[in-house]
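Asker: coords below, sequence missing:
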Ligand SMILES: NC(=O)C1=CN([C@@H]2O[C@H](COP(=O)(O)OP(=O)(O)OC[C@H]3O[C@@H](n4cnc5c(N)ncnc54)[C@H](O)[C@@H]3O)[C@@H](O)[C@H]2O)C=CC1
Ligand SMILES: O=C(CO)COP(=O)(O)O
């Protein structure tokens with residue numbers, strides 16, 4: 001295996017890394033950055049969890065059964081966390097704005113802030129890069145996305161992702177910064193495509209979970225993944241994504257992972273719904289995060305505004321808002337007008 005880390009000169013990497021958000025993904029990314037040879041500080045709100053990370057090398061609530069191979073320095077002091085060469089912002093999408101706002105006063109101009117949430121903001125319909133631009137305009141935005149379960153990365157299993165930022169040299173430097181023997185980032189300049197792939201696949205993962213949880217069959221699962229991926233591409237292209245991005249790790253790659261795997265919380269959420277579990281239990285405080293449950297309606301709103309049809313996301317949003325039962329949603333999807341497979345259905349902008 002090649003050794004990208006050891007051969008890099010200091011000028012090719014950001015050495016002092018802060019990770020904001022000490023849940024599953026933030027902790028896994030912090031561990032990876034430590035493996036890559038970076039000086040890492042992990043910021044979180046919960047002193048007890050941080051103590052477990054730094055003293056026991058464990059985070060049982062989010063990464064059960066894993067003992068970390070790296071020591072991690074942690075802090076609850078946001079000003080300390082802001083003082084870094086590069087910041088990874090790894091909170092749930094609906095919390096990203098509040099953290100960006102909190103840290104806003106302390107982040108130096110031009111600091112790269114790598115956004116790792118896979119979601120769209122409810123109410124405002126903002127992508128994560130738009131949230132950052134509103135609350136941390138002095139930062140340089142980047143997106144990290146792709147098929148990557150936190151537990152796999154925390155265990156040091158081989159993983160590949162995409163890191164996008166408008167400047168190609170900066171994208172290369174961020175990839176070099178986070179590249180380790182088990183973590184292989186690919187560079188991109190398509191921030192819209194990379195972030196939309198991650199946000200939209202979560203909605204599709206819920207839909208696929210529902211279909212398998214309700215035992216609608218492997219054929220239905222394959223059809224849904226394919227047509228769901230087609231509608232993801234329709235919306236993303238309309239919003240400015242590049243088609244090659246959507247065929248890559250952050251699009252197809254993450255659909256392949258999340259839409260067929262119980263390790264995905266979105267898939268597992270959908271599966272439980274399909275089995276008949278109560279939505280109120282699945283969305284109760286303390287339940288596992290399912291970003292797609294928040295993003296589904298936002299995606300439909302964006303699609304409406306841009307004259308794009310998203311029947312699968314619409315079905316998910318309607319089921320989650322209890323406007324349709326799962327059976328009614330399936331009937332609606334199956335009775336849509338027949339059309340050529342390559343046709344792009346559209347509707348007037350509203
Ligand atoms: N877990 C995974 O495998 C992956 C997750 N992601 C994405 O990363 C994002 C975060 O997910 P996870 O870390 O898995 O979620 P998680 O549920 O494991 O952890 C979320 C963390 O955010 C903290 N948090 C919540 N609100 C906060 C606030 N206002 N201020 C500070 N901290 C706050 C929580 O205390 C918790 O530590 C999501 O958008 C997810 O889609 C992306 C790739 C992989
Ligand atoms: O984004 C992920 C894998 O790429 C994690 O998916 P879940 O949030 O559905 O667990």
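Answerer: Done, it's in. What you see is a predicted model, and the numbers here were worked out from it, not measured in a lab. Ligands and ions are numbered 1, 2, ... in the order given.

Asker: does residue 33 count as helix, strand or coil?
Answerer: Following DSSP: H, G, I helix; E, B strand; the rest coil, the label given to residue 33 is helix.

Asker: Can you give me the distance of it to residue 57?
Answerer: Separation of residue 33 from residue 57 (C-beta to C-beta, to the nearest Å): 15 Å. Just so you know, the C-beta spots here come from the backbone N, C-alpha and C atoms, and that holds for glycine as well.

Asker: Tell me which of the two has more neighbours.
Answerer: When residue 33 and residue 57 are compared for neighbours, residue 33 comes out ahead with 26 against 15, by other C-beta atoms under 10 Å.

Asker: Report the contact partners of that one.
Answerer: By C-beta atoms under 8 Å, 6 or more residues apart in numbering, the residues touching residue 33 are 17, 19, 40, 88, 177, 178.

Asker: near ligand 2, which residues of the stretch 101-250 of the chain?
Answerer: The stretch 101-250 of the chain comes close to ligand 2 at residues 118, 147, 148, 149, 202, 205, as judged by C-beta under 6 Å from any ligand atom.

Asker: restrict the residues you listed to contacts with ligand 1.
Answerer: Restricting those to those near ligand 1 by C-beta under 6 Å from any ligand atom leaves 118, 148, 149.

Asker: The last one against residue 264, yeah?
Answerer: When you say that, I think you mean residue 149. Yes. Counting by C-beta atoms under 8 Å, residue 264 is a contact partner of residue 149 at 7.5 Å.

Asker: intersection of neighbour lists for those two?
Answerer: The contact sets of residue 149 and residue 264 overlap at residue 257 (C-beta under 8 Å, 6+ apart).

Asker: The residue nearest to residue 86 when sequence neighbours are not counted and ligand 2, how far apart?
Answerer: Excluding the flanking residues, the one nearest residue 86 by C-beta to C-beta, 6 or more residues apart in numbering is residue 14, at 3.7 Å. Taking C-beta to the nearest ligand atom, to the nearest Å as the measure, residue 14 falls 23 Å from ligand 2.

Asker: repeat for residue 235
Answerer: Distance from residue 235 to ligand 2, counting by C-beta to the nearest ligand atom: 18 Å.

Asker: quick one on the thing from earlier: now, of the contacts of residue 33, which are buried?
Answerer: Buried members of the contacts of residue 33, counted by 16 or more other C-beta atoms under 10 Å: 17, 19, 40, 88, 177, 178.

Asker: re earlier: who has more neighbours out of residue 149 and residue 264?
Answerer: Shown here are residue 149 and residue 264; by other C-beta under 10 Å, residue 264 has more neighbours (25 against 19).

Asker: got the residues of the protein near ligand 1?
Answerer: Neighbours of ligand 1 within the chain, by C-beta under 6 Å from any ligand atom: 21-26, 44-46, 62, 90-93, 95, 98-99, 116-119, 148-150, 289, 291.

Asker: of these, buried ones?
Answerer: Buried members of those, counted by 16+ other C-beta under 10 Å: 21-26, 44, 62, 90-93, 99, 116-119, 148-150, 289, 291.

Asker: So which of those residues are in strands?
Answerer: Per DSSP state E, strands hold no members of those.

Asker: How about the residue nearest to the spatial centre of the chain, nearest residue that isn't a chain neighbour?
Answerer: The centroid of the chain falls nearest to residue 118 when counting by C-alpha atoms, centre = their mean (2.5 Å). Distances taken as C-beta to C-beta, 6+ apart place residue 198 nearest to residue 118, at 3.5 Å, with adjacent residues excluded.

Asker: Domain map for this structure?
Answerer: The record's domain split for the chain, according to automatic domain parsing, is 14-189, 193-334.

Asker: now for the shortest one, what's the gap between its first and last residues?
Answerer: Just to be clear, that refers to domain 193-334. For domain 193-334, the separation between the terminal residues is 29 Å (C-alpha to C-alpha, to the nearest Å).

Asker: roughly how far out does stretch 104-117 sit from the chain middle?
Answerer: Here the centre of stretch 104-117 is set off from its chain's centre by 18 Å, with C-alpha atoms, centre = their mean, to the nearest Å.

Asker: what does that stretch contact?
Answerer: Counting by C-beta under 8 Å, 6+ apart, 14, 21, 25-26, 29, 78-79, 82-93, 96, 100, 128-129, 132, 135-136, 138-145, 163, 165, 170, 174, 195, 291 sit against stretch 104-117.
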